[in-house]
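A.B. asks: Sequence first, predicted model second:
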Amino acid sequence: MPPCLFCKIVNKELSSEIVYESEKSLVFKDIHPKADFHVLIVPKKHIESANRLEFEDKDLIMEMFLTAKEVALQNQLGGYKLIINVGRKAGQLIDHLHLHLLAGKIKEIV
Ligand code: AMP
Ligand code: ZN
């Protein structure tokens, strides 16, 4: 299997601007921000995409959404968008599940 960029970031083999870390996920700034505030909520477990989720991943998904809520609270975001691209045709470039959290002025949709 080719090395996964986000697994390397999760394992701290590659640097990133980490804004929050929980037991099951890591949150870091998107390298090409599409909004004033743009971070990625990445589960530590490698799952290719939302299309590969299994029922047993339900706690992980819950944790990702609670993490989004916590990051929004810590950064005093009045409102925010949560986006998951699923598959190339939807714009998914990195094959490791991630939840985009965007707030403030949005330059372009992810
Ligand atoms: P997606 O198109 O939904 O797969 O989103 C992938 C996102 O990862 C894009 O918004 C990229 O800007 C972002 N990205 C790619 N490489 C890195 C990196 N090394 N660190 C942080 N964000 C990255
Ligand atoms: Zn991965």
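C.D. replies: Yep, that arrived. Ligands and ions are numbered 1, 2, ... in the order given.
A.B. asks: Pull the distance from the longest helix along the chain to the chain's centre.
C.D. replies: When the chain is scanned for its longest helix (criterion: DSSP state H), the result is helix 58-74. Here helix 58-74 shows a centroid-to-chain-centroid distance of 10 Å under the convention CA atoms, centre = their mean, to the nearest Å.
A.B. asks: what does stretch 37-50 give?
C.D. replies: 4 Å.
A.B. asks: Report the rounded mean pLDDT for it.
C.D. replies: Stretch 37-50 carries an average pLDDT of 98.
A.B. asks: Not counting it itself, show me its contacts.
C.D. replies: Outside of stretch 37-50, the residues within contact range by CB atoms under 8 Å, 6 or more residues apart in numbering are 4, 6-7, 9-10, 19, 24-30, 53, 57, 60, 63-64, 67-68, 71, 75, 77, 80, 84, 86-87, 92, 95-104, 110. Where C-beta positions appear, they are placed from N, C-alpha and C, glycine not excepted.
A.B. asks: Narrow the residues you listed to those that are buried.
C.D. replies: Neighbour-count burial (16 or more other CB atoms under 10 Å) applied to the contacts of stretch 37-50 gives 6-7, 9-10, 19, 24-28, 30, 57, 60, 63-64, 67-68, 71, 77, 80, 84, 92, 95-103, 110.
A.B. asks: ok so, going back, among the contacts of stretch 37-50, which lie within strands?
C.D. replies: Judged by DSSP state E, the contacts of stretch 37-50 include 19, 25-29, 99-104 as members of strands.
A.B. asks: follow-up on the earlier one: go back to the contacts of stretch 37-50 and keep what's next to ligand 2.
C.D. replies: Among those, the residues lying close to ligand 2 (CB under 5 Å from the ion) are 4, 6-7, 96.
A.B. asks: In helices, which of these fall?
C.D. replies: Among these, the ones falling in helices (DSSP H) are 6-7.
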